[in-house]
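**Q** Okay, structure incoming, though there's no sequence with it:
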Ligand SMILES: NC(=O)C1=CN([C@@H]2O[C@H](COP(=O)(O)OP(=O)(O)OC[C@H]3O[C@@H](n4cnc5c(N)ncnc54)[C@H](OP(=O)(O)O)[C@@H]3O)[C@@H](O)[C@H]2O)C=CC1
Ligand SMILES: O=C1O[C@H](COP(=O)(O)O)[C@@H](O)[C@H](O)[C@H]1O
């Protein structure tokens, strides 16, 4: 085994013909292979209904890599490791056949019985597949067995508890890898490093020096082909319950005593436990929902959410959510964490803005005008980097100040793109590192928090649509900050200069 490569392993992929597999998973497996991070002893078994046989599947994988990956090479050797079983996951009989195939590949490729079961299909099947894997002996193996499970993990706390019970009947908690692809993003992983390896930040990382933190994740895309799923979930469940709350917990957690999976997770859990709960009648003071109407994006007119295919024409589902989280602990008492996320917004951008408090006395603006606050901006995507906003002396006579930005862009280091989140997460899973996956306690606490909001919203019809596609969301989201004396830092003005 090469020094850094993953151990021999079989990946059994349910949902092998799906959008996620095609766009993300095959290109990621291929990148690992190309970089020498995958053992030569690997095999992938795809399960779905629509293809016929191995050849069909290998062509499918090749096409997906040609379209969504970065390869101009001959893929023959790589795709020879791919096998297919046409199988309806609700059909109990097929699992025996699958076990025979998997056992046979185990021997052929000397896989030491190591198995990753990846559920990249509709969540309604997660419990059924997990139970069958156990009942039909696929989890009886002398190597490791790990279950990678896509989102959403449930629809609310009761359904998540039920799903967890079914999964845990077949896998132990430390064998379950709940994917949150934001945790695979380079700059999300960088949050801990920025905080815990810089003496200039960690001492200031508290309510004495930080006035508020803003997290924006805006998309220009609409609901696309996923309306059947999305219309039942909305932005609150689709983005806030998982990605946004994970970012909040990374920003707010205490330094872990060690950089181990358990220590980091337990600090994140403590943040989620400290989130201030709300009474039903308070939800509107802390959360705003929106749904896009018709509008213009990149000079093209796009339809209202309610006119998208497969969306209920009277849908009450939010495509936008903004909120204010309060973390009631010693470090964060009084500091609002504002988040906003939505579809069909003005710009595709995920950024964190940490706004520091004003200095106690402003010596440089005696006429009453204000100094620019110091900001630390963490650019998660599309550009990756950090910017520190400072004030310096204006060149020349006098003592006026000038705002400046110190930029760091990941691209400026070596011009290389950082690996796709799925590539990193797959590699972590192959090596048995669950740090960047979500523990059950985190899932349960975030559902408990989100359920308070969704229960109230489900019972009140919203005045939708309330923002035009191509804008940054409803006016009420601006008012959420204005009433606290803040405003959303415009993401378009904060971009990192990638040439720096
Ligand atoms: N697509 C994305 O960008 C993202 C997806 N996810 C999550 O990933 C998962 C998969 O999503 P996505 O790929 O978009 O979904 P798709 O609908 O594109 O794919 C579903 C897959 O499941 C297979 N399938 C459906 N029913 C059965 C069945 N009864 N038996 C066997 N196979 C079946 C389909 O194959 P066939 O029809 O051939 O049987 C297909 O391969 C979901 O949990 C989603 O929430 C998460 C983040 C982003
Ligand atoms: O999980 C999801 O994330 C995507 C946005 O991901 P990003 O990496 O492009 O920011 C979102 O479009 C999708 O609705 C949601 O399910």
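**A** Now that the structure is in, tell me what you want to look at. The shown structure was predicted, so the numbers you read here are calculated from the model rather than taken from an experiment. Ligands and ions are numbered 1, 2, ... in the order given.
**Q** Could you give the backbone dihedrals for residue 47?
**A** phi -120, psi 130 (degrees, to the nearest 10).
**Q** who's in contact with it?
**A** 12, 13, 14, 15, 16, 84, 85, 87, 89, 98 (C-beta atoms under 8 Å, 6 or more residues apart in numbering). The C-beta positions use only the backbone N, C-alpha and C, and glycine is treated the same way.
**Q** The last one is in contact with residue 45, isn't it?
**A** Just to be clear, that refers to residue 98. Yes: at 7.5 Å, residue 98 counts as touching residue 45 under the criterion of C-beta atoms under 8 Å.
**Q** Now, of the contacts of residue 47, which are buried?
**A** Neighbour-count burial (16 or more other C-beta atoms under 10 Å) applied to the contacts of residue 47 gives 12, 13, 14, 15, 16, 84, 85, 87, 89, 98.
**Q** Which single residue in the chain comes nearest to ligand 2?
**A** Residue nearest to ligand 2 within the chain: residue 238 (4.7 Å; C-beta to the nearest ligand atom).
**Q** Can you give me the neighbour number for that residue?
**A** 23 (other C-beta atoms under 10 Å).
**Q** Could you do residue 479 as well?
**A** For residue 479, the neighbour count with other C-beta under 10 Å is 12.
**Q** Next: the one 10 residues further on.
**A** By other C-beta under 10 Å, the residues close to residue 489 number 18.
**Q** Residue 52 too?
**A** 9.
**Q** before we move on, what about the one 4 residues further on?
**A** Per other C-beta under 10 Å, the neighbour tally for residue 56 reads 15.
**Q** Please apply the same query to residue 162.
**A** With other C-beta under 10 Å as criterion, residue 162 counts 12.
**Q** who in the protein is up against ligand 1?
**A** Residues of the chain lying close to ligand 1 by C-beta under 6 Å from any ligand atom are 15-21, 48-50, 88-90, 120-123, 150-151.
**Q** What pLDDT is listed against the residue in the stretch 151-300 of the chain that ligand 1 sits nearest to?
**A** Going by C-beta to the nearest ligand atom, ligand 1 is nearest to residue 151 of the stretch 151-300 of the chain, at 5.2 Å. At residue 151, the model reports a pLDDT of 91.
**Q** Next one: the spatially closest residue to it that is not a sequence neighbour from residue 374, what distance?
**A** Spatially, and ignoring its direct neighbours in sequence, residue 151 is nearest to residue 242 (5.7 Å; C-beta to C-beta, 6 or more residues apart in numbering). From residue 242 across to residue 374, the span is 30 Å (C-beta to C-beta, to the nearest Å).
**Q** more crowded one of the two?
**A** Between residue 242 and residue 374, counting by other C-beta under 10 Å, residue 242 is the more crowded of the two (25 against 19).
**Q** quick one, phi/psi of that one?
**A** phi -110, psi -80.
**Q** show me what contacts it?
**A** Contacts of residue 242 by C-beta under 8 Å, 6+ apart are 151, 152, 153, 180, 182, 438, 446.
**Q** Count the neighbours of residue 269 for me.
**A** So residue 269, with other C-beta under 10 Å, has 18 neighbours.
**Q** Residue 90 too?
**A** A count of nearby residues for residue 90, using other C-beta under 10 Å, gives 11.
**Q** Would you mind confirming that it makes contact with residue 127?
**A** No: counting by C-beta under 8 Å, residue 90 sits too far from residue 127 to count as a contact (11.5 Å).
**Q** The stretch 301-450 of the chain: strands as residue ranges?
**A** Listed in chain order, the strands of the stretch 301-450 of the chain (DSSP state E, counting those that start in this stretch) span 320-326, 336-342, 349-356, 375-381, 385-393, 401-409.
**Q** Touching the third one from outside, list them.
**A** Spelled out, that is strand 349-356. Outside strand 349-356, the residues touching it (C-beta under 8 Å, 6+ apart) are 185, 191, 204, 209-218, 247, 251, 373-382, 486, 489, 491-492, 494.
**Q** Help me confirm that the residue of the stretch 151-300 of the chain closest to ligand 1 comes into contact with residue 163.
**A** No: assessed by C-beta under 8 Å, residue 151 is found out of contact with residue 163, at 11.5 Å.
**Q** which neighbours do the two share?
**A** Joint contacts of residue 151 and residue 163 (C-beta under 8 Å, 6+ apart) are residue 123.
**Q** What is the neighbour count of the residue in the stretch 401-500 of the chain that ligand 1 sits nearest to?
**A** In the stretch 401-500 of the chain, no residue comes nearer to ligand 1 than residue 422, which is 9.3 Å away by C-beta to the nearest ligand atom. For residue 422, the neighbour count with other C-beta under 10 Å is 20.
**Q** Repeat that for residue 46.
**A** 30.
**Q** Assign the closest residue to it other than its chain neighbours to helix, strand or coil.
**A** Once flanking residues are discounted, residue 46 sits nearest to residue 16: 2.8 Å by C-beta to C-beta, 6+ apart. Three-state call for residue 16 (DSSP: H, G, I helix; E, B strand; the rest coil): coil.
**Q** Residue ranges in the chain under the pLDDT threshold?
**A** 1-3, 363-369, 412-417, 497-500 (pLDDT under 70).
**Q** Flag every residue of it that's near ligand 2.
**A** Close to ligand 2, as judged by C-beta under 6 Å from any ligand atom, the chain has residues 217, 219, 238, 239, 350.
**Q** Can I get the buried part of those as one PyMOL selection?
**A** With 16+ other C-beta under 10 Å as the criterion, this PyMOL line picks the buried residues out of the residues of the chain next to ligand 2:
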select buried, resi 217+219+238+239+350
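**Q** Looking at the residues of the chain next to ligand 2, which are in strands?
**A** Judged by DSSP state E, the residues of the chain next to ligand 2 include 217, 350 as members of strands.
**Q** Assess the claim that residue 408 and residue 379 are in contact.
**A** No: using C-beta under 8 Å, residue 408 is not in contact with residue 379, being 9.3 Å away.
**Q** Find the nearest non-adjacent residue to the residue in the chain that ligand 1 sits nearest to, please.
**A** For the chain and ligand 1, the shortest gap (C-beta to the nearest ligand atom) falls at residue 18, measuring 2.4 Å. For residue 18, ignoring the flanking residues on the chain, the nearest one in space by C-beta to C-beta, 6+ apart is residue 120 at 5.7 Å.
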